[in-house]
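*Asks:* With the sequence up front, the predicted model follows.
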Amino acid sequence: MPSITDYKTKCQNVIASLKEDLKSIRTGRATPSLIENIVVEAYGGSTKLRLTELATITTEGPTALVIAPFDPSILSDIEKAILKSPLGLSPAVQGNRIIIKIPPLSTEQREKFIKIASSKVEEKRNQLRGLRDEVRKSIKTSFEKKEISEDEKYRFEKEVDTVSQQQMAEIETIKEKKEAEIIQV
């Protein structure tokens, strides 16, 4: 018996995953989510933790991030991790905190980040299509095994199509919003 509720839950998980993935794509604005998942090798490389587990990240105006480590001895470890990250940011140590000025994006960078966002969106669309195909297959199998009637089969298929269209529309909205953020100067 196919479960539409399971299908909806799996779709929502894919969309939540997409939102997380898109947070790490740089826009022209400084947001803590940009750097919070950078992995820092702290305490001589013996511990690998995400930046949010090691420091408080706040914004200072629209173009600066301030990182205040809970333990000042790992300041240089955090700085190295930021320099190694693919974001191309330049941290500046000031006392017991790190300031990162977020430079405005060039047109080429904006286009590159839009392409990255589009590829992540397409990847998630493919995941949703795969989930839809699995559910449709289980509906067909249930019908062939005479577990559901023909009317139920069509009703389930219609419901799956409706949910699928809603999820695809939601993904498109998320994509457009992210592209608008990237383009905004």
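*Replies:* Yes, it's here. Numbers count the residues shown, from 1 in each chain.
*Asks:* From the centroid of the chain, which residue is nearest?
*Replies:* Computing the C-alpha centroid of the chain and ranking residues by Cα atoms, centre = their mean puts residue 21 first, at 1.7 Å.
*Asks:* got a list of what that residue touches?
*Replies:* By Cβ atoms under 8 Å, 6 or more residues apart in numbering, the contact list for residue 21 reads 120, 124. (C-beta placed from N, C-alpha, C; glycine too.)
*Asks:* One more: residue 59?
*Replies:* 30, 31, 32, 65, 66.
*Asks:* which residue sits closest to the first one, ignoring its sequence neighbours?
*Replies:* Yep, that's residue 30 we're talking about. Spatially, and ignoring its direct neighbours in sequence, residue 30 is nearest to residue 102 (4.3 Å; Cβ to Cβ, 6 or more residues apart in numbering).
*Asks:* From residue 57, how far off is that neighbour?
*Replies:* 12 Å (Cβ to Cβ, to the nearest Å).
*Asks:* Identify the contacts common to the two.
*Replies:* With Cβ under 8 Å, 6+ apart, residue 102 and residue 57 have common neighbours residue 65.
*Asks:* State the number of residues packed around residue 143.
*Replies:* Residue 143 has 18 neighbours, counted by other Cβ atoms under 10 Å.
*Asks:* Okay, domains of this structure per the record?
*Replies:* 4-23+106-183, 32-101 (automatic domain parsing).
*Asks:* Ramachandran coordinates for the residue nearest to the centre of the chain?
*Replies:* The phi and psi values for residue 21, taken as degrees, to the nearest 10, are phi -60, psi -40.
*Asks:* That one and residue 36: what is the separation?
*Replies:* Relative to residue 36, and taking Cβ to Cβ, residue 21 is found at 13 Å.
*Asks:* cool, residue 22 as well?
*Replies:* From residue 22 to residue 36 the distance is 14 Å (Cβ to Cβ).
*Asks:* Quick one: classify the residue sitting furthest away from the middle of the chain as helix, strand or coil.
*Replies:* The C-alpha centroid of the chain is most remote from residue 146, which lies 41.2 Å away (Cα atoms, centre = their mean). Of the three states, residue 146 takes coil according to DSSP: H, G, I helix; E, B strand; the rest coil.
*Asks:* Kindly provide the distance from it to residue 153.
*Replies:* Taken as Cβ to Cβ, the span from residue 146 to residue 153 is 11 Å.
*Asks:* What of residue 123?
*Replies:* Applying Cβ to Cβ to residue 123 and residue 153 gives a distance of 30 Å.
*Asks:* Check residue 59 too.
*Replies:* Distance from residue 59 to residue 153, by Cβ to Cβ: 53 Å.
*Asks:* swap in residue 117?
*Replies:* 37 Å.
*Asks:* Residue 50 too?
*Replies:* Distance from residue 50 to residue 153, by Cβ to Cβ: 46 Å.
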